[in-house]
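Student: The sequence isn't on hand, but the structure is:
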């Protein structure tokens, strides 16, 4: 059974930093790409970042480019999302997902097979 567990969400002030983690079990982690998405209250799910199986290729949503960094450690079955210079508009529940789709398809949530339960990030102004 596949499980994805996110952690690291917190309440931070504008300009602060957080690192989110996504730990996977029950699958061959090095054979899947990983994506981070977020959903704010009343808004649609938004693509944040994606990373290929090897970690060599990454994609970012326009709103986070230059501030967030996605990475992965296949030995630890873990993906990370380092978030810098956080803004109130980054407030959302952040979820990770895994997919066997190619890394150019990571922006589409419908391509993902498994999801975690999410971790809440709140940025105060």
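Tutor: Alright, I've got the coordinates. This is a predicted model, so every value here is computed, not measured.
Student: Sketch out the strands for the protein, chain order is fine.
Tutor: 3-7, 11-13, 18-25, 33-39, 46-51, 58-60, 68-73, 78-83, 92-99, 114-115, 119-124 (DSSP state E).
Student: Quickly compare those and say which is most buried.
Tutor: Of the strands of the chain, the one with the most neighbours on average (mean count of other Cβ atoms under 10 Å) is strand 33-39, at a mean of 25. Every residue, glycine included, has its C-beta placed from N, CA and C.
Student: tilt between that one and strand 78-83?
Tutor: Interaxial angle of strand 33-39 relative to strand 78-83 (axes from the mean of the first three to the mean of the last three Cα atoms, to 10 degrees): 40 degrees.
Student: Columns mean pLDDT and distance to residue 105 on top of the strands of the chain, output as a markdown table?
Tutor: Below are the strands of the chain laid out as a markdown table (pLDDT from 0 to 100; distance: least, Cβ to Cβ, whole Å):
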| stretch | mean pLDDT | distance to residue 105 |
| --- | --- | --- |
| strand 3-7 | 98 | 18 |
| strand 11-13 | 98 | 31 |
| strand 18-25 | 98 | 19 |
| strand 33-39 | 98 | 8 |
| strand 46-51 | 98 | 9 |
| strand 58-60 | 96 | 10 |
| strand 68-73 | 98 | 16 |
| strand 78-83 | 98 | 17 |
| strand 92-99 | 98 | 8 |
| strand 114-115 | 98 | 16 |
| strand 119-124 | 98 | 24 |
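Student: I'd like to know which of these is closest to residue 108.
Tutor: strand 46-51 (7.8 Å; Cβ to Cβ).
Student: Run the chain-centre distance for the closest one.
Tutor: Relative to its chain's centre, strand 46-51 lies at 6 Å (Cα atoms, centre = their mean, to the nearest Å).
Student: and the residue nearest the centre of the chain, bridged to which residues?
Tutor: With distances taken as Cα atoms, centre = their mean, residue 36 lies nearest the centre of the chain, 2.2 Å away. Counting by DSSP bridges, residue 36 is bridged to residue 49, residue 96.
Student: is it true that residue 109 touches residue 47?
Tutor: Yes: with contacts counted by Cβ atoms under 8 Å, residue 109 reaches residue 47, the gap being 7.2 Å.
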